[in-house]
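J.: Give me a model of this one.
(one chain, ligands or ions: 1)
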Amino acid sequence: MIEATHLTKRYGDIVAVDDLSFTVKPGRVTGFLGPNGAGKSTTLRMLLGLNAPSGGTVTVDGVPFAGHPRGLRHVGALLDAADIHGGRSAHAHLAALARSNRLPLTRVDEVLHEVGLAKAARRRIGGFSLGMKQRLGIAAALLGDPPVLLFDEPLNGLDPEGVRWVRGLFRRLAADGRTVFVSSHMMAEMSQTADHLIVIGQGRLIADQSLEDFAARDTSKTVRVQTPDLADLANVLTAEGASVQKETDEVGLITGLTAARIGDLAHQHHIALHQLTSENTSLESAFMSVTTASSDYLAGEAR
Ligand SMILES: Nc1ncnc2c1ncn2[C@@H]1O[C@H](COP(=O)(O)OP(=O)(O)OP(=O)(O)O)[C@@H](O)[C@H]1O
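T.: You can find the predicted model right below:
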């Protein structure tokens with residue numbers, strides 16, 4: 001389990017991480033989500049003992065990472081896949097990591113195989129695509145077979161097949177009972193990757209909840225209805241405070257009421273429904289609505 005308590009990091013006047021408290025539990029994939037500059041990388045760097053907090057603490061299974069006797073065997077991490085020495089082969093890079101962490105060299109071939117780089121094992125990393133470097137970074141994180149894994153923007157540079165593979169890998173790691181903590185600035189990426197979300201903006205905690213509960217925060221959720229009596233239904237729903245947008249003679253898009261409430265109202269007024277569907281755009285708009293106010297950079301606009 002990862003535990004941050006009042007974690008804070010200041011760079012001069014900038015508060016990169018601001019009194020952040022959260023826990024990351026084993027057995028599920030936890031997304032660490034926030035717009036650019038929100039403080040995700042800084043938090044992960046403090047977790048790994050690469051930056052010292054200005055205040056508060058962050059521990060892995062109760063111990064700060066720097067004091068962890070088992071190092072890579074306990075926590076595996078991918079921070080910046082592109083930041084890697086290009087002169088070595090993938091095999092040599094992992095072998096050096098294995099040796100310095102007293103891990104068996106047999107793990108090198110195992111993880112290269114697991115990430116799909118077995119054929120490229122002897123090639124120089126300098127010639128790797130970003131996607132291959134991501135796979136190599138993931139291999140390094142897996143090397144010590146650790147119970148806790150951190151990945152900073154692991155989907156960057158991966159093709160659709162790579163993205164699917166990474167998602168499957170994270171699921172398997174979580175199903176093994178490991179703690180999997182994955183950062184991203186894209187809600188759409190996380191909606192298919194994470195079970196639980198920790199959302200931050202300007203270094204502060206915005207949400208710490210399941211994907212489902214996070215989506216339910218969005219009050220602008222849309223419900224699509226199809227009915228032969230759209231005009232009658234629209235009258236009933238607008239009287240209840242909903243807004244109704246007519247798409248065709250029989251299909252309307254409703255905001256302001258849940259699908260369950262719309263179904264009940266239609267039933268009470270003897271209006272037949274042929275379709276009643278919650279539109280799944282809510283995660284993205286929930287993310288936008290909770291983070292826009294705290295975003296560091298809004299395209300073309302002053303804050
Ligand atoms: N070494 C540093 N010196 C000064 N400011 C820094 C330093 N590192 C980070 N910051 C600032 O701290 C804030 C948080 O940055 P951080 O890289 O942690 O965000 P992030 O959420 O990982 O963003 P991104 O999605 O763009 O990677 C930013 O305002 C950044 O400019």
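J.: And what about Ser21, helix, strand or coil?
T.: Put simply, Ser21 is strand when judged by DSSP: H, G, I helix; E, B strand; the rest coil.
J.: My read is that it contacts Leu7, right?
T.: Yes. Judged on Cβ atoms under 8 Å, Ser21 makes contact with Leu7 at a distance of 7.1 Å. The C-beta positions use only the backbone N, C-alpha and C, and glycine is treated the same way.
J.: give me every residue that touches the residue lying closest to Ser89 once chain neighbours are set aside.
T.: Leaving aside its chain neighbours, Ser89 sits nearest to Arg122 (5.0 Å; criterion: Cβ to Cβ, 6 or more residues apart in numbering). The contact partners of Arg122, by Cβ atoms under 8 Å, 6 or more residues apart in numbering, come to Ser89, Ala90, His91.
J.: quick one: secondary structure of Arg122?
T.: coil.
J.: And Gly162, by the same measure?
T.: Going by three-state DSSP: Gly162 is helix.
J.: in what helix or strand does the closest residue to it other than its chain neighbours lie?
T.: Among residues not flanking Gly162 along the chain, Gly131 sits closest, at 5.3 Å (Cβ to Cβ, 6+ apart). Using DSSP states H and E, Gly131 falls within helix 130-142.
J.: Which residues of the stretch 51-200 of the chain lie near the ligand?
T.: With Cβ under 6 Å from any ligand atom as the criterion, the stretch 51-200 of the chain comes near the ligand at residues His185.
J.: Please report the distance of the residue in the stretch 51-200 of the chain positioned nearest to the ligand from Leu155.
T.: Closest residue of the stretch 51-200 of the chain to the ligand, Cβ to the nearest ligand atom: His185 (4.4 Å). Counting by Cβ to Cβ, to the nearest Å, the separation of His185 from Leu155 is 11 Å.
J.: hmm, back to that, intersection of neighbour lists for Ser21 and Leu7?
T.: Gly56.
J.: of those two, who's got more company?
T.: Of the pair Ser21 and Leu7, Leu7 is the one with more neighbours under other Cβ atoms under 10 Å, namely 25 against 14.
J.: Leaving out chain neighbours, which residue sits closest to that one?
T.: Using Cβ to Cβ, 6+ apart, the closest residue to Leu7 is Gly56 (4.0 Å).
J.: right, and the helix or strand after the helix or strand hosting that neighbour?
T.: Taking DSSP H and E as the criterion, Gly56 maps to strand 55-60. Using DSSP H and E, the helix or strand that follows strand 55-60 towards the C-terminus is strand 75-78.
J.: now the next helix-or-strand element following that following strand: mean pLDDT?
T.: Using DSSP H and E, the helix or strand that follows strand 75-78 in sequence is helix 90-100. Average pLDDT, helix 90-100: 94.
J.: how about Gly116, secondary structure?
T.: Classified using three-state DSSP, Gly116 is coil.
J.: mind checking how far it is from Pro26?
T.: 26 Å.
J.: likewise Gly62?
T.: In terms of Cβ to Cβ, Gly62 sits 13 Å off from Pro26.
J.: bridging residues for the residue nearest to Arg123 when sequence neighbours are not counted?
T.: Ranked by Cβ to Cβ, 6+ apart and with sequence neighbours excluded, the top spatial neighbour of Arg123 is Ser89, at 6.1 Å. Note on Ser89: beta-bridge partners Arg124, judged by DSSP bridges.
J.: residues touching Ser89, list them.
T.: Ser89 touches Ala121, Arg122, Arg123, Arg124, Ile125, counting by Cβ under 8 Å, 6+ apart.
J.: my read: the first one touches Ala92, true?
T.: No. Distance between Ala121 and Ala92: 9.2 Å, which falls outside the contact criterion (Cβ under 8 Å).
J.: quick one: Gln202 and Gly39 touch, right?
T.: Yes. Using Cβ under 8 Å, Gln202 is in contact with Gly39, at 7.3 Å.
J.: if we can go back for a sec, just checking, what packs against the helix holding Gly131?
T.: Contacts defined by 3 or more Cβ pairs under 8 Å, 6 or more residues apart in numbering; DSSP states H and E place helix 130-142 against strand 75-78, helix 90-100, helix 106-114, strand 148-152, helix 160-175.
J.: mind giving me a markdown table with those and columns for mean neighbour count?
T.: Formatted as a markdown table, the helices and strands packed on helix 130-142 follow (neighbours: other Cβ atoms under 10 Å):
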| stretch | mean neighbour count |
| --- | --- |
| strand 75-78 | 24 |
| helix 90-100 | 18 |
| helix 106-114 | 17 |
| strand 148-152 | 24 |
| helix 160-175 | 16 |
